[in-house]
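Undergrad: give me the fold of what follows.
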Amino acid sequence: MALPAFATAADLAAATQRSDLSVESADLALASASAVIRSWTRQSITQVIDDVVTLRVLNDSELLLPQRPVTSVSQVRVNGLTLLDWVLSGDRLLRTGGWRRLPGTTTYPDPGLVEVTYTHGYAEIPDEVRAVCIDLAAMTLTNPGGLREVAIDDYRRVFASETLGSGVLSPAHREMLAGYRRRIGTVGLR
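TA: Numbers count the residues shown, from 1 in each chain. Have a look, this model is predicted:
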């Protein structure tokens, strides 16, 4: 499933103050910037309704859903059985007695894989995400070859090091997106 860009061609044209910007160029730059952000954050960020994910139980007390924020869970299935005795807590599913206990049993067999149908992401793209997307797309359009310097006769243009290489997140971009990056436990991945 192709997810939409975090900003529109009109947003990019307004931010760059370019009236000559084609919709095709803007859409391509924004799609590329959105892909870079999704890759770095390990999150779709855009709202996805009734996404189905299959997870292996690693921690008996909780099941961590991979995409945030989780807004609802509509179904949980283990070994073909629909479970109703779970509780959603943030981005985790909790279950009394743990995930290895199947309904109607007193033993704790390996449940195998857990299939979860859930809704996650933001209905409206957060301002920080949109800003980084527009900034990356503008850098791509301004300096598509990732050149350090352009010189023709007596004309010379030098690009800031932050604009070299399209699709590169600067430290400032990373700081703005840090809250959207998927974490494992309490340790942030960098």
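Undergrad: can you list the domain ranges for this structure.
TA: Using automatic domain parsing, the domain parsing of the chain gives 9-44+124-180, 48-120.
Undergrad: for the ones you listed, give me JSON lines that also has mean neighbour count and mean pLDDT.
TA: For every residue, glycine as well, the C-beta is placed using N, CA and C. Below are those laid out as JSON lines (neighbours: other C-beta atoms under 10 Å; pLDDT from 0 to 100):
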{"stretch": "domain 9-44+124-180", "mean neighbour count": "16", "mean pLDDT": "85"}
{"stretch": "domain 48-120", "mean neighbour count": "15", "mean pLDDT": "86"}
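Undergrad: which one is Ala5 nearest to, not counting chain neighbours?
TA: Nearest residue to Ala5, sequence neighbours excluded (C-beta to C-beta, 6 or more residues apart in numbering): Leu30, at 3.9 Å.
Undergrad: what secondary structure does Val36 sit in?
TA: Secondary structure, DSSP: H, G, I helix; E, B strand; the rest coil: Val36 is helix.
Undergrad: which stretches in this structure count as helices?
TA: Remark: helices assigned in the chain by DSSP state H are 9-16, 23-41, 127-142, 171-177.
Undergrad: quick one, what contacts the residue sitting nearest the centre point of the chain?
TA: The centroid of the chain falls nearest to Gln43 when counting by C-alpha atoms, centre = their mean (2.3 Å). Listed by C-beta atoms under 8 Å, 6 or more residues apart in numbering, the contact set of Gln43 reads 67-68, 121, 180-182.
Undergrad: go again with 6 Å.
TA: 67, 180, 182 (C-beta atoms under 6 Å, 6 or more residues apart in numbering).
Undergrad: repeat that for Asp11.
TA: Ile134 are the contacts of Asp11 under C-beta under 6 Å, 6+ apart.
Undergrad: with the contacts of Gln43 in mind, which one is nearest to Glu24?
TA: Tyr180 (27.9 Å; C-beta to C-beta).
Undergrad: cool, thanks, talk later.
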